[in-house]
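[1] need coordinates for the below:
(one chain, ligands or ions: 2)
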Amino acid sequence: MAAAIKKVGVIGAGQMGNGIAHVAALGGFDVILNDVSADRLKSAMATINGNLSRQIAKKLISEDARKQALARITATEKLDGLSDCDLVIETAVEKEETKRKIFNELCAVLKPEAIVASNTSSISITRLAASTDRPERFIGIHFMNPVPVMELVELIRGIATDDATFETAKAFVTKLGKQIAVSEDFPAFIVNRILLPMINEAIYTLYEGVGNVEAIDMAMKLGAHHPMGPLELADFIGLDTCLSIMQVLHEGLADSKYRPCPLLVKYVEAGWLGRKTQRGFYDYRGDKPVPTR
Ligand SMILES: CC(=O)CC(=O)SCCNC(=O)CCNC(=O)[C@H](O)C(C)(C)COP(=O)(O)OP(=O)(O)OC[C@H]1O[C@@H](n2cnc3c(N)ncnc32)[C@H](O)[C@@H]1OP(=O)(O)O
Ligand SMILES: NC(=O)C1=CN([C@@H]2O[C@H](COP(=O)(O)OP(=O)(O)OC[C@H]3O[C@@H](n4cnc5c(N)ncnc54)[C@H](OP(=O)(O)O)[C@@H]3O)[C@@H](O)[C@H]2O)C=CC1
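    Residues are numbered from 1 along each chain as shown. Ligands and ions are numbered 1, 2, ... in the order given. Take a look at the predicted model:
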């Protein structure tokens, strides 16, 4: 039996956090958006407002819907601001130790019946759940980027996730107007198990000099009708997130075919994380993206 969700917490106001807050608020839920950085919360609210404007421009929503959605979002740096939430979705950086630390602090302030979810791209839901006081009420709710545009959400049950939690998550995601793919709890689930090795292979294609950035992205956009080239998409996702996902696949499946390309490692070590740092396979500091290789 699904429980009623009224108030949703979102932890991490990065590109996914702002998107999840956006769609939950538009879906009629009260949203508490949390981040460690006040600046990040401020820019997240501006991004949400901007993306709501895109949807107004495309006549997908009304001005009134935008006003009501923004009024439903409260930004807070304090985790105890989430204490009254019925569901909290963690969407901080793709590092297991960071997520575990967040859950540890979060569960201490949450009401016992609240559900905790992670938007993780790849990490074991069963393992993350075991680090909380509520493995039965823990689930993976994996949105796709950009959240307001992408139709799919993956639902991933940990070994202990109970039926009520699964039904509640399903009802929540359906209310947001998303389509659901149910994945078993194995490394990187379905989308990223297939997509990230493709992106990693594109980086190997660049690393081995088979083609340059422009040729590789054009080849896949015009040759395979991808909406974005794989290197452009890697920059969009974030190269740190791409590397974390490949590391989870490599360690979790113990198969060398998932070893991250050394060039991806180098870019992340250089802090060239893609769009979010204005530089990755493309340089975004000018008026149009320029390939960096
Ligand atoms: C990593 C994981 O764990 C899982 C994942 O998410 S894997 C990644 C899944 N996502 C994809 O594969 C995205 C592939 N790309 C696309 O589908 C399209 O390029 C797109 C939907 C992103 C944009 O399509 P488009 O027709 O060009 O949209 P358009 O309205 O013209 O706007 C393009 C721009 O707006 C962005 N955009 C469009 N609508 C947006 C929205 N509502 N919110 C945020 N960004 C939006 C696009 O990213 C692009 O950004 P810039 O303005 O900075 O260049
Ligand atoms: N990028 C993508 O395409 C997708 C990503 N995901 C997953 O979503 C999650 C977030 O990814 P994404 O939004 O791209 O990452 P970002 O780097 O854009 O955002 C992460 C946010 O989390 C914040 N943060 C870090 N530590 C904490 C903490 N302890 N408490 C609260 N906030 C914290 C960061 O703040 P600061 O920067 O100040 O450290 C940052 O604002 C990851 O698990 C990722 O795998 C899922 C689907 C798609």
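[2] when you work out contacts or count neighbours from here on, use the C-alpha atoms and nothing else.
    Noted.
[3] span of stretch 78-85 from start to end?
    End-to-end distance for stretch 78-85: 13 Å, by C-alpha to C-alpha, to the nearest Å.
[4] quick one, what contacts residue 146?
    15, 16, 19 (C-alpha atoms under 8 Å, 6 or more residues apart in numbering).
[5] tell me which of those fall in helices.
    Taking DSSP state H, the ones among these that sit in helices are 15, 16, 19.
[6] separation between the last one and residue 174?
    Plainly put, residue 19 is 16 Å away from residue 174 if you go by C-alpha to C-alpha.
[7] now for residue 50, how many residues are close by?
    Close neighbours of residue 50, defined as other C-alpha atoms under 10 Å, add up to 12.
[8] pLDDT below threshold where in the stretch 151-293 of the chain?
    In the prediction, the stretch 151-293 of the chain carries no residues with pLDDT under 70.
[9] ligand 2 contacts on that one?
    Contacts of the stretch 151-293 of the chain with ligand 2, taken as C-alpha under 6 Å from any ligand atom, map to 237, 238, 241.
[10] wait, which of these is closest to ligand 1?
    residue 237 (5.5 Å; C-alpha to the nearest ligand atom).
[11] nearest residue to the closest one other than its sequence neighbours?
    Residue nearest to residue 237 in three dimensions, not counting chain neighbours: residue 145, with 7.2 Å by C-alpha to C-alpha, 6 or more residues apart in numbering.
[12] so what pLDDT did the one you found get?
    The score at residue 145 is 98. That number is its pLDDT.
[13] what about it, which SS state?
    Following DSSP: H, G, I helix; E, B strand; the rest coil, the label given to residue 145 is coil.
[14] correct me if wrong: it contacts residue 16.
    Yes - with contact defined as C-alpha atoms under 8 Å, residue 145 counts as touching residue 16 (6.8 Å).
[15] so what's the closest residue to residue 279 other than its chain neighbours up against?
    Distances taken as C-alpha to C-alpha, 6+ apart put residue 272 closest to residue 279, at 5.2 Å, once the chain neighbours are dropped. For residue 272, the contact set (C-alpha under 8 Å, 6+ apart) comprises 239, 278, 279, 280.
[16] out of residue 19 and residue 174, which sits in the more crowded spot?
    Taking other C-alpha under 10 Å, residue 19 and residue 174 do not tie; residue 19 has more neighbours (23 against 14).
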